[in-house]
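In: Generate coordinates for the sequence data below:
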Amino acid sequence: MGLTDFWNGRRVFLTGHTGFKGSWLSLWLEKLGAEVTAVSLAPETNPSLYTRLSPWNGSSHHIADIRDAAAFKQRLIDFEPEVVIHMAAQALVRRSYDNPSETFATNVMGTANLLDVVRETPPVKTVLVVTSDKVYANGGSGVPFIETDTLGGKDPYSNSKACAELVVQSYRDSFFRGRDIRVATVRAGNVIGGGDWSKDRLIPDFIRAFESNQPIMLRYPAAIRPWQHVLEPLGGYLSFAQMLTEKRGRNLPDALNFGPRPESFATVSELAEALGRAHRVEDVWRLAPGEHLPEAPALTLSSALALDTIGWHPRLSLQQTIDWTAAWYKANRDGADMRAFSLGQIEAYEETVS
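Out: Model (predicted):
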């Protein structure tokens, strides 16, 4: 991908740096030599990947709420970044049912707040807004979604991310067309990897069950998802942002999917069983009793456009993804230096794309 030369010394404003994906991206940007100013809420889990990866010596990190533009506006304007990557979000589907107004405020108005400030920051050349693979109107057919498919979403989380896509489209068409700036969205989901302790996600739920010597309870074991290691889409985001900046967006799309190989599409129970084998557990899962909030029976992505336009394609098989994830949690249980271990996984991933 040729990332190092581009990102070394590049001024990057990042939101959502304390989350699972944001922590991994923060570490990668530091490794690449970028100059980063980041804003986010405080980590929401204990333990958290963000604290495991400290100390953060190469970045300027701040606690701020994306719903409050005044909380981060001056930092962005004063920093004068060239690239803005917006990852701050309420990212949990089940939590969105519990608190839909919070979800829409964060994912929709938070995005609008950021783009409003960008309008006042001339040095910005590229804005990459991270949404989700769940932005598509999903009828459950299982056919991989492409970027021109209809946006939608029944649950508050999916719908809020589809709305964020429309906010980006509106700002791009109303304020950024004709200016020397590119604003694009990236869509990925079902990312797994070390350091996720969120509630109601398969990997952290499995780890908690494993450490309690209990089977994991699955709500929809037959649901199909596009599982991928967290470094896969993050590498895509970095490559896309680089090309948007270098080429000034010529012949590049306004949105890209980043998903795994089709052979990595798997049911929830298949992934749970693969995790069990990696941890040498035989009695892996049970069907969770009772009624559950609705979830799409199938969700898959096509990443053909990413391959055609920026040359990105997934590098890791599903088994490698599981092995890397299991190795991270084992190292953490063994008391390893998780910053060094995580940097080692980033370096190993970089070798697959060099």
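
In: Secondary structure element for Trp328, which one?
Out: helix 318-333 (DSSP states H and E).

In: wait, I meant Arg94
Out: Arg94 is part of helix 93-98, with elements assigned from DSSP H and E.

In: helices or strands next to the helix or strand just after that helix in the packing?
Out: Downstream of helix 93-98, the next assigned helix or strand under DSSP H and E is helix 100-104. In this structure, helix 100-104 packs against helix 156-171, with contacts taken as 3 or more CB pairs under 8 Å, 6 or more residues apart in numbering; DSSP states H and E. C-betas here are computed from N, CA, C, even on glycine.

In: Now the helix it packs on: buried residues?
Out: For helix 156-171, a neighbour-count test (16 or more other CB atoms under 10 Å) marks 156-165, 167-168, 171 as buried.

In: ok now that helix, how far from the chain's centre?
Out: 16 Å (CA atoms, centre = their mean, to the nearest Å).

In: Quick check: mean pLDDT of it?
Out: Average pLDDT, helix 156-171: 98.

In: can you list the residues that contact that helix?
Out: Here helix 156-171 makes contact (CB atoms under 8 Å, 6 or more residues apart in numbering) with 89-93, 95-97, 100, 103-104, 106-108, 111-112, 115, 119, 129, 131-132, 134-136, 138, 151-153, 183-185, 254-255.

In: helices or strands next to the helix holding Trp328 in the packing?
Out: For helix 318-333, the packing partners by 3+ CB pairs under 8 Å, 6+ apart come out as helix 202-211, strand 228-229, helix 268-278, helix 338-353.

In: Just want the angle from that helix to helix 202-211.
Out: Relative orientation of helix 318-333 and helix 202-211, computed by axes from the mean of the first three to the mean of the last three CA atoms, to 10 degrees: 50 degrees.

In: Show me the helices in the stretch 1-150 of the chain, by range?
Out: For the stretch 1-150 of the chain, applying DSSP state H, counting those that start in this stretch gives helices covering 3-7, 20-32, 49-52, 73-79, 93-98, 100-104, 110-118.

In: Would you confirm that Ser317 contacts Glu263?
Out: Yes - using CB atoms under 8 Å, Ser317 is in contact with Glu263, at 7.5 Å.

In: Which pLDDT value goes with Val353?
Out: Val353 is assigned a predicted lDDT (pLDDT) of 82.

In: shouldn't it be in contact with Gly235?
Out: Yes - the pair Val353 and Gly235 qualifies as a contact (CB under 8 Å) at a distance of 6.6 Å.

In: Looking at the two, which has the bigger crowd around it?
Out: Using other CB atoms under 10 Å as the criterion, Val353 and Gly235 rank with Gly235 on top: 24 against 15.

In: Could you tell me whether that one really is in a strand?
Out: No - with DSSP: H, G, I helix; E, B strand; the rest coil as the criterion, Gly235 is helix rather than part of a strand.

In: okay, it: pLDDT?
Out: Here, the pLDDT recorded for Gly235 equals 98.

In: so how far is the helix holding Trp328 off the chain centroid?
Out: With CA atoms, centre = their mean, you get 18 Å for helix 318-333.

In: That helix vs helix 268-278, what angle?
Out: 60 degrees.

In: ok so, going back, which of the helices of the stretch 1-150 of the chain is buried the deepest?
Out: Of all those, helix 20-32 carries the top mean neighbour count, a mean of 24, counting by mean count of other CB atoms under 10 Å.

In: Please save the CA atoms from it in CSV.
Out: C-alpha atoms of helix 20-32 as CSV (Å, rounded to 0.1, in the frame of the first residue of the first chain):
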residue,chain,number,x,y,z
PHE,A,20,-12.2,-0.7,19.4
LYS,A,21,-11.5,0.2,15.7
GLY,A,22,-10.3,3.7,16.7
SER,A,23,-7.7,2.4,19.1
TRP,A,24,-6.2,0.1,16.5
LEU,A,25,-6.2,2.9,13.9
SER,A,26,-4.6,5.3,16.4
LEU,A,27,-1.8,2.8,17.0
TRP,A,28,-1.3,2.2,13.3
LEU,A,29,-1.2,6.0,12.6
GLU,A,30,1.4,6.5,15.3
LYS,A,31,3.5,3.6,13.9
LEU,A,32,3.3,5.3,10.4
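
In: Give me the mean pLDDT for it.
Out: pLDDT averaged over helix 20-32 gives 98.

In: do the same with stretch 310-330
Out: Averaged over stretch 310-330, pLDDT sits at 97.
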